[in-house]
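**Student:** what shape does this take:
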Amino acid sequence: MILHKERQLITEYGLKLLDKDLTKATGGNLSIYNRKEGLIAISPSGIDYKEISLKDIVIVNLKGKVIEGKHKPSSEIVLHLLLYQKRKDLNSIIHTHPVYSTTISCLNQEIPAVHYLVAYSGNKVPCAKYATFGTKKLAKNVYKAIGDKYNACLMANHGLITGGYNIKEALEITEMIEYIAEIYYRAKTMGKPQLLNNKQLKQVLNKFADYNN
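**Tutor:** Residues are numbered from 1 along each chain as shown. Modelled structure (predicted):
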């Protein structure tokens, strides 16, 4: 069984998504790219996270060819592959359907700098244009929105996708963005949120860079 460690992490973090109420049943997907081996471990399509075992995790190469696994890889495999191909800084991707982030995505709106923790994504959380799930068009829309600048992106009428240096960071970003989405939602019910300006946010981003070093 290849990528044993990555398989363990996928099963472990799949359960974390449910425990943290970031998705439901089989919704969303997650993957880890072992760049040294040139192989990706990704959650299978259509299996409840509570039922996924190590042998159910699908191993593919960067072209999407199944190297090991009896199940189909996640329906969003094309999206994962494109981001790994384009973003050399990402080694793990998590896609979820959390309530507040998804609510905002259904408005086709981005999350602006309403709180300094938006810096987990960048200076905002962009929103990718809608396309049918699992399509090349959706993958292209997401990459166009997230580019090389952001670590998170809303997917219009769909959900949230994040990427990190490892799966721990990707989950942390997911949690933080959902937290910010809830704050933004609640603030808008009371009035017009006061946003951080570029100078203020740049200071936060600089402090984040120092904090992570």
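**Student:** so Leu15, which of the three states?
**Tutor:** Classification of Leu15 using DSSP: H, G, I helix; E, B strand; the rest coil returns helix.
**Student:** which residues are in contact with the residue lying closest to it once chain neighbours are set aside?
**Tutor:** Once flanking residues are discounted, Leu15 sits nearest to Tyr49: 5.7 Å by CB to CB, 6 or more residues apart in numbering. For every residue, glycine as well, the C-beta is placed using N, CA and C. With contact taken as CB atoms under 8 Å, 6 or more residues apart in numbering, Tyr49 is in contact with 11, 14-15, 17-18, 25-26, 43.
**Student:** redo these as CSV? Include distance to Asn197 and neighbour count.
**Tutor:** Output for the contacts of Tyr49, formatted as CSV (distance: CB to CB, whole Å; neighbours: other CB atoms under 10 Å):
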residue, distance to Asn197, neighbour count
Thr11, 43, 20
Gly14, 39, 24
Leu15, 40, 12
Leu17, 34, 24
Leu18, 38, 16
Ala25, 41, 12
Thr26, 41, 19
Ser43, 39, 29
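**Student:** now, which of those residues sits nearest Leu195?
**Tutor:** Leu195 lies nearest to Leu17 out of the contacts of Tyr49, by CB to CB, at 29.4 Å.
**Student:** follow-up on the earlier one: which one of the contacts of Tyr49 sits closest to Lys86?
**Tutor:** Among the contacts of Tyr49, Ser43 lies closest to Lys86 (CB to CB), at 20.8 Å.
**Student:** show me the contacts for the closest one.
**Tutor:** 10, 14, 29-31, 49, 52, 57-58, 73-74.
**Student:** again, only using 7 Å
**Tutor:** Shown in contact with Ser43 (CB atoms under 7 Å, 6 or more residues apart in numbering): 10, 14, 29-31, 52, 57, 74.
**Student:** number of nearby residues for Asn200?
**Tutor:** You called it Asn, but residue 200 is Gln. Applying other CB atoms under 10 Å, we find 12 residues neighbouring Gln200.
**Student:** that one in helix, strand or coil?
**Tutor:** The three-state assignment at Gln200 reads helix, by three-state DSSP.
**Student:** state the pLDDT value of it.
**Tutor:** Gln200 carries a pLDDT score of 93 in this model.
**Student:** now do the helix or strand of the chain with the lowest mean pLDDT: everything it contacts.
**Tutor:** Every helix and strand of the chain was ranked by mean pLDDT, DSSP states H and E. The lowest is helix 198-212, at a mean of 83. Identification of contacts with helix 198-212 by CB under 7 Å, 6+ apart yields 113, 116, 119, 123.
**Student:** any idea of the pLDDT on Asn213?
**Tutor:** Reported pLDDT for Asn213: 54.
**Student:** before we move on, the earlier item: out of the contacts of Tyr49, which is nearest to Met155?
**Tutor:** Nearest to Met155 out of the contacts of Tyr49 is Leu17 (CB to CB; 15.9 Å).
**Student:** report the residue spans of this structure with pLDDT below the cut-off.
**Tutor:** Along the chain, the model assigns pLDDT under 70 to residues 211-213.
**Student:** rewinding a little: please identify the helix or strand for the residue nearest to Leu15.
**Tutor:** Under DSSP states H and E, no helix or strand contains Tyr49.
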